[in-house]
Every structure is written in structure tokens, then in C-alpha cells.
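Q: Just a sequence and a predicted model for now, questions to come.
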Amino acid sequence: MQRKVTILITGAVALFFIIYWLANFSPARGKGEANVYDKISEGSNIRYLVIGDSIARGSGAETMDQRWYTKLEVLLKGDMGIVAKRQSLVQSGATAFEGIYRLQNAARLTNADLIFIFFGENDRKYMGPEEFSFFYEKLLRDAKMKFPNAEIITITESPLKQPPFAKQIERISYHYGAKNIDMRKHFKDTGMLTEKLTSDTVHPNGKGYQLYANAIFNLLKKNSRERNDIALLKKPLTGEHDFVLTANSMPEKTRGFKNKNGMYISNVPGNFLEFQFEGPMLGVTLSRRENGGMMNVYVDGEYVRTMSTWWPFPRERNLYVTSGLEQGKHTARFEVINDVSPHNSQGIGTIQISSVFMSERIKD
């Protein structure tokens with residue numbers, strides 16, 4: 001009897017050590033499952049992805065070395081010996097809606113340990129806080145599904161002056177366990193005038209971006225020391241997110257627009273393109289450039305907004321048009337108007353559109 005008890009105890013102890021070893025040292029656990037805080041704690045190099053707007057790309061900095069991500073990389077290397085490799089999906093003037101489309105269609109991204117999301121300052125110009133929260137949450141979820149082992153850090157940008165938008169960023173971040181950094185507070189805590197920390201009262205300068213880098217570095221250092229958990233997918237807060245954005249490059253009706261290599265072009269007021277689309281939201285892919293013009297957009301005969309395609313240099317953009325429509329088929333009309341941006345020195349504006357894009361439910 002005593003021998004059987006001894007065997008049972010020995011077996012239990014052996015089983016304990018086997019389970020412990022498998023959980024902590026086996027190849028199955030591997031580096032592939034270590035999150036960004038584990039890697040930083042162990043002194044391993046990391047990869048990060050930036051999705052965002054002009055502040056995400058460091059616009060306003062006097063030199064490349066003054067941008068927030070360069071400063072962050074210097075801090076990680078100097079303090080911890082960690083090399084952080086960056087990937088970017090950034091565009092000046094972008095919204096979270098455009099971020100969704102760019103992430104969905106990004107072909108060359110490698111694995112990411114950490115994702116930064118910078119949006120809000122531009123979104124407020126085109127939509128309300130409820131629409132913004134829907135697209136912001138969709139983007140966060142898509143990023144997490146694409147990189148399941150990545151931590152997500154959301155940035156409330158320093159120039160954002162609309163509390164409802166900032167509140168949505170905070171709410172969504174908290175729900176998923178993403179880490180939010182509110183740069184408005186960091187700027188305010190310096191006691192310095194906005195003009196001293198920015199290049200144009202909106203985009204940070206080198207001093208302003210140092211605040212961004214310091215805030216991010218301190219968060220990473222603290223959470224790595226504490227081995228914090230990373231963001232996790234949970235039940236959505238703002239509705240149905242099981243959709244992708246699909247393009248339609250074939251207009252149903254045209255007047256005056258010429259097709260040149262898949263780009264429909266006109267500079268004559270009154271000329272228009274009409275596209276059919278389905279679902280509750282609409283975006284448009286177009287070219288913005290120095291001679292960009294202006295156009296009115298109508299959906300099902302109702303005026304939606306006036307859009308400018310001026311930009312100081314050529315860029316293909318995927319712009320938000322509208323959302324909150326009823327399910328079903330709709331018609332969008334893009335009509336050239338006589339007005340031009342005050343930045344357009346040529347006096348004649350040209351519209352160049354390649355396609356519209358809409359939501360399509362992901363089938364089970």
C-alpha cells in the first residue's frame with residue numbers, strides 16, 4: 001500500500017514538472033507567442049506598424065530625425081538596446097475610414113508586435129462622433145485580426161479639440177484593452193504655448209514630437225516591466241463589423257468624362273459620373289493633385305457634400321463620402337462644379353476618379 005502511495009505521489013510530481021516545462025520552456029511556446037512586452041523585457045528587437053494621418057507620419061517636424069518614431073527608436077535603442085523596425089500605412093488628411101481600406105489592401109506587410117493608431121483630427125471634419133466610433137472600432141478590430149499577437153496603442157492627437165471624438169477613442173481602447181495615450185494632456189502639462197510645440201498650431205514640431213516619443217516610451221517601459229496583457233478581441237461595441245470594402249470601377253452613366261488608363265477625367269462644370277453601389281456606406285478612389293478641382297456628390301438624388309481634389313503633389317486617395325444609408329442599391333453622382341480650391345493657382349480644376357468602394361458582408 002505504501003509503495004502505491006509513493007508511486008502516485010512521484011507520478012503527480014513528475015506530471016507537475018512536465019506541465020510546467022511545456023508551459024514555460026517548450027518549443028511550442030516559442031518566440032512566436034511572446035508579445036511585445038515579453039520581447040522588450042527580454043531585450044529582443046520588435047516590429048511595429050503605424051496606421052494614421054499626417055501626425056502619424058511626423059509632418060511638421062523640422063527634419064526626419066525630429067519625427068516621433070525616429071525619437072522613439074532612439075530611446076529604445078539607447079535605453080534598452082532594442083531595435084524597433086517600422087512599417088507605415090500613413091497619409092496626410094486620412095480618416096479611420098481610409099485606414100480601413102488601406103489596411104485591407106496592404107500587400108507587403110510583415111508581422112507586427114505593436115500597432116499604433118493615429119486618427120480623429122481629420123475625421124471630425126467629415127463625420128460625427130458616432131460614425132467615427134464605428135470606423136475606428138472596425139479599424140482596430142481589423143488590425144487585431146490581421147496581427148493577433150500585436151499590442152495596440154491608440155493615440156489621441158494633441159490638436160483634437162472635440163471631446164466626443166476623444167471620448168470614443170478612450171471608450172473603444174478600454175473595451176479591447178488597447179493602451180490609449182492622450183497627447184492633449186501631455187501638451188497641456190508642459191505649460192507651454194501651442195505655438196512653441198507645433199509648426200502650425202496643429203502638427204507638432206521637434207519639441208512636440210519629443211513629447212509623443214517620451215509618452216510612448218514610458219508606457220512601453222512600464223508595461224514591459226509589469227508584463228502587462230495586450231489588447232484582445234471582444235464583442236463589438238458599435239454594430240456589425242463583418243464586412244470588407246469592395247471597389248466598383250465601372251460607372252453606370254457618364255457625361256463629358258474621358259477614360260484614360262482607368263481614370264475618368266474632366267474639368268468641365270456640369271460633367272458627371274454615376275456609379276451604382278450597395279450597402280450603407282460609400283467611398284471614392286481618386287487622384288488629388290495641384291490642378292485638382294471640386295465636385296458635388298449626390299446619393300439617390302440628394303446632395304451629400306462638396307469635395308476638393310486639390311493637393312500640393314499627386315496622390316491617390318481613398319476618401320470617405322457618406323455612411324448610415326439604408327441597405328440595398330444606391331446611385332452616386334459626382335458632378336464637376338465651377339469652384340476651385342484657393343490653393344489652385346491655375347484657376348481650372350480637374351476631377352480624376354477611378355472607382356467607388358462600398359461595404360460587402362463577409363459570408364460565413
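A: Good, I have the coordinates. Residues are numbered from 1 along each chain as shown.
Q: Residue 139 belongs to a helix?
A: Yes - with DSSP: H, G, I helix; E, B strand; the rest coil as the criterion, residue 139 is located in a helix.
Q: which ones are touching it?
A: Going by Cβ atoms under 8 Å, 6 or more residues apart in numbering, residue 139 touches 51, 96, 99-100, 103, 117, 119. (C-beta placed from N, C-alpha, C; glycine too.)
Q: Could you work out the most separated pair of those?
A: For these, the maximum inter-member distance is 11.9 Å, found between 103 and 119 (Cβ to Cβ).
Q: quick revisit: if any of the contacts of residue 139 are buried, put those into a PyMOL selection.
A: Here is the PyMOL command that selects only those of the contacts of residue 139 that count as buried (16 or more other Cβ atoms under 10 Å):
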select buried, resi 51+96+99+100+103+117+119
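Q: of all the contacts of residue 139, which comes closest to residue 303?
A: Proximity of the contacts of residue 139 to residue 303 was ranked by Cβ to Cβ; the top entry is residue 96 with 24.2 Å.
Q: Test my guess that residue 121 contacts residue 202.
A: Yes - at 7.2 Å, residue 121 and residue 202 qualify as touching, with contact defined as Cβ atoms under 8 Å.
Q: Where does pLDDT dip in the chain?
A: With pLDDT under 70 as the threshold, the chain has low-confidence stretches at 1-32, 364.
Q: now with 80?
A: Flagging of the chain using pLDDT under 80 yields the residue ranges 1-33, 343, 345-347, 363-364.
Q: ok, which stretches of the protein are helices?
A: Secondary structure of the chain (DSSP state H): helices located at 2-24, 36-41, 68-80, 96-105, 129-146, 163-176, 183-189, 194-197, 206-226.
Q: and residue 304, which of the ones you listed is closest to it?
A: Comparing the helices of the chain against residue 304 with Cβ to Cβ, the closest turns out to be helix 129-146 (13.1 Å).
Q: picking that back up, show me the common contact partners of residue 103 and residue 119, please.
A: Once Cβ under 8 Å, 6+ apart is applied, the residues that residue 103 and residue 119 both contact turn out to be 51, 139.
Q: List the residues that contact the nearest residue to residue 329 once chain neighbours are set aside.
A: Computed as Cβ to Cβ, 6 or more residues apart in numbering, the closest residue to residue 329 that is not its neighbour in sequence is residue 278, at 5.4 Å. Contacts for residue 278 were tallied using Cβ under 8 Å, 6+ apart; they are 327-330, 358, 360.
Q: next one: residue 326
A: Residue 326 sits next to residue 280 when contact means Cβ under 8 Å, 6+ apart.
Q: how near is it to residue 304?
A: Residue 326 sits 14 Å away from residue 304, taking Cβ to Cβ, to the nearest Å as the criterion.
Q: Next: residue 85.
A: From residue 85 to residue 304 the distance is 41 Å (Cβ to Cβ).
Q: May I see the domains of this structure written out as residue ranges?
A: The record's domain split for the chain, according to automatic domain parsing, is 31-226, 243-361.
Q: how deep is residue 48 tucked in, by neighbour count?
A: 24 (other Cβ atoms under 10 Å).
Q: Excluding residues flanking it in the chain, which one is nearest it?
A: Residue nearest to residue 48 in three dimensions, not counting chain neighbours: residue 114, with 4.1 Å by Cβ to Cβ, 6+ apart.
Q: Dig out what the one you found forms beta bridges with.
A: The residues listed as beta-bridge partners of residue 114 by DSSP bridges are residue 48, residue 151.
Q: contacting residues for it?
A: By Cβ under 8 Å, 6+ apart, residue 114 lies in contact with 36, 46-49, 150-153.
Q: From residue 337, how far out is the residue nearest the centre of the chain?
A: With distances taken as Cα atoms, centre = their mean, the residue of the chain nearest its centroid is residue 51 (3.7 Å). In this structure, residue 51 and residue 337 are separated by 33 Å, where distance is defined by Cβ to Cβ.
Q: Of the contacts of residue 278, which is the nearest to residue 178?
A: Using Cβ to Cβ, residue 360 comes nearest to residue 178 of these, at 26.5 Å.
Q: Isn't that closest one up against residue 281?
A: No - the pair residue 360 and residue 281 fails to qualify as a contact (Cβ under 8 Å) at a distance of 10.6 Å.
Q: neighbour-wise, which of those two wins?
A: Neighbours around residue 360 and residue 281, counted as other Cβ under 10 Å, are more numerous at residue 281. The numbers are 20 against 12.
Q: didn't that one look like it was pressed against residue 332?
A: No - contact status for residue 281 versus residue 332: not in contact, 11.1 Å apart, counting by Cβ under 8 Å.
Q: Which residue, neighbours along the chain excluded, lies closest to residue 254?
A: The shortest distance from residue 254 to any residue that is not its chain neighbour, by Cβ to Cβ, 6+ apart, is 5.4 Å, and that residue is residue 273.
Q: Between residue 85 and residue 304, which has more neighbouring residues?
A: residue 304 (16 against 13).
Q: and the gap between that one and residue 310?
A: Note on residue 304: its distance to residue 310, by Cβ to Cβ, is 19 Å.
Q: Good, we can wrap up now.
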